[in-house]
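**Q** give me a model of this one.
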Amino acid sequence: MQSHDLKQIIKNADHAINQENFDDLMNFYSEDAILVVKPGMLAKGKAEIRRAFEAIANYFNHSLIVNQEKMEIIETGDTALVIAKAILSANQKKDSEFSMERTATYVFKKEVDGTWRCVIDNSYGAELLQ
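**A** Okay, the predicted model is just below:
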């Protein structure tokens, strides 16, 4: 598959998470975006999403590292579905080290100015069904 703008956008978002640069991270999301914090818990809108990422950073003792190993992008019109192999790790978590691989799903909408914004951020992917 050819390179897609969304690959770099997601890489930039991961970098913002890893650096805890939540101001830059909020530019990644639409105003009405939804983040799956964990199964059964959603953050809706940028203010809730920011608070969720701050809590996640605290939970992992400020050592969370997020990377996407592979991505498939399915695009039609102004909408794109991204399926990614997400690797999460934290070496300073208070109760133990943490490492996990997930098949994440993200939905993006392209705004009138051509900017892609994440509208649904679901790092759990189909695991939500379990």
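**Q** from here on, just use CA atoms for contacts and neighbour counts.
**A** OK.
**Q** for the helix or strand harbouring I83, packing partners?
**A** Using DSSP states H and E, I83 sits in strand 79-90. With contacts taken as 3 or more CA pairs under 8 Å, 6 or more residues apart in numbering; DSSP states H and E, strand 79-90 sits against strand 64-76, strand 98-110.
**Q** can you put these in TSV and add mean neighbour count and distance to H15?
**A** Formatted as TSV, the helices and strands packed on strand 79-90 follow (neighbours: other CA atoms under 10 Å; distance: least, CA to CA, whole Å):
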stretch	mean neighbour count	distance to H15
strand 64-76	16	8
strand 98-110	18	17
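**Q** any chance of those in CSV, with distance to N12 too?
**A** Below are those laid out as CSV (distance: least, CA to CA, whole Å):
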stretch, distance to N12
strand 64-76, 10
strand 98-110, 15
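**Q** would JSON lines of the ones you listed with mean pLDDT and distance to D23 be doable?
**A** Shown next, in JSON lines, are the helices and strands packed on strand 79-90 (pLDDT from 0 to 100; distance: least, CA to CA, whole Å):
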{"stretch": "strand 64-76", "mean pLDDT": "94", "distance to D23": "17"}
{"stretch": "strand 98-110", "mean pLDDT": "90", "distance to D23": "19"}
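**Q** closest one to A16 among those strands?
**A** Checking those against A16 by CA to CA gives strand 64-76 as the closest, at 9.6 Å.
**Q** now do the closest one: everything it contacts.
**A** 4, 7, 11, 14-15, 17-18, 57, 80-91 (CA atoms under 8 Å, 6 or more residues apart in numbering).
**Q** sweet, I'm off.
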